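K.L.:
Sequence first, then the predicted structure, then my questions.
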Amino acid sequence: MVGQSCMGDSWRCLTLLAEILGDKFSSFYTSSIDILFQGLGFDGSSSSEIGGKITSIQIHGVLRTNLQLLAMQKLSLLPSSVPRILQLDAPISLLRLHPNHLVVTSCAATYVFLLQH
């Protein structure tokens, strides 16, 4: 239960920080994504897998938070952030193969948002 509380708190804190900073949040976006996915157990290696007992709902929550952070930045998202997130070994790319359709849909929505940027 403590892990779920910490994950939820990090989602809320990052969202609040993005609301406060507005366009200036773009310089912190890639770091915030690292924080979000560390909560899921991604270790950053190319063979990353979800660790622990993370549910599909928690993964979906992280992906939804990511979409909120992207939307809050509007056009101020740094172009250098896009290729980093779309790398084949990045968490969002790995999650596109997840068995839960909500997770896959959120990954697809993230791809569409970033490719339009």
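P.N.:
Okay, I see it. Quick caveat, the model's predicted, so the values are computed rather than measured. Numbering: from 1, shown residues only.

K.L.:
Surely L102 and G61 touch.
P.N.:
No - assessed by C-beta atoms under 8 Å, L102 is found out of contact with G61, at 9.9 Å. To be clear about C-beta, it is placed using only N, CA and C from the backbone, and glycine gets the same treatment.

K.L.:
neighbour count winner among these two?
P.N.:
G61 (20 against 15; other C-beta atoms under 10 Å).

K.L.:
What residues does the most centrally placed residue in the chain make contact with?
P.N.:
The chain has N66 as the residue nearest its centroid, 4.0 Å off, counting by C-alpha atoms, centre = their mean. Neighbour list for N66: I33, L36, I92, S106, T110 [criterion: C-beta atoms under 8 Å, 6 or more residues apart in numbering].

K.L.:
Going through those residues, which one is the model least confident about?
P.N.:
Sorting these by pLDDT puts L36 at the bottom of the list (86).

K.L.:
how about the nearest residue to that residue, chain neighbours excluded?
P.N.:
V62 (5.0 Å; C-beta to C-beta, 6 or more residues apart in numbering).

K.L.:
ok, and for the one helix or strand the one you found maps to, which residues are buried?
P.N.:
Element membership of V62, judged by DSSP states H and E, is helix 56-73. By neighbour count on 16 or more other C-beta atoms under 10 Å, the buried set for helix 56-73 is Q58, I59, H60, G61, V62, L63, T65, N66, L69, L70, M72, Q73.

K.L.:
just checking, the third one touches L102?
P.N.:
Yes - using C-beta under 8 Å, H60 and L102 qualify as a contacting pair, with a distance of 4.7 Å.

K.L.:
gap between the closest residue to I59 other than its chain neighbours and L95?
P.N.:
In space, and not counting its chain neighbours, I59 is closest to V103: 5.1 Å by C-beta to C-beta, 6+ apart. Distance, V103 to L95, using C-beta to C-beta, to the nearest Å: 6 Å.
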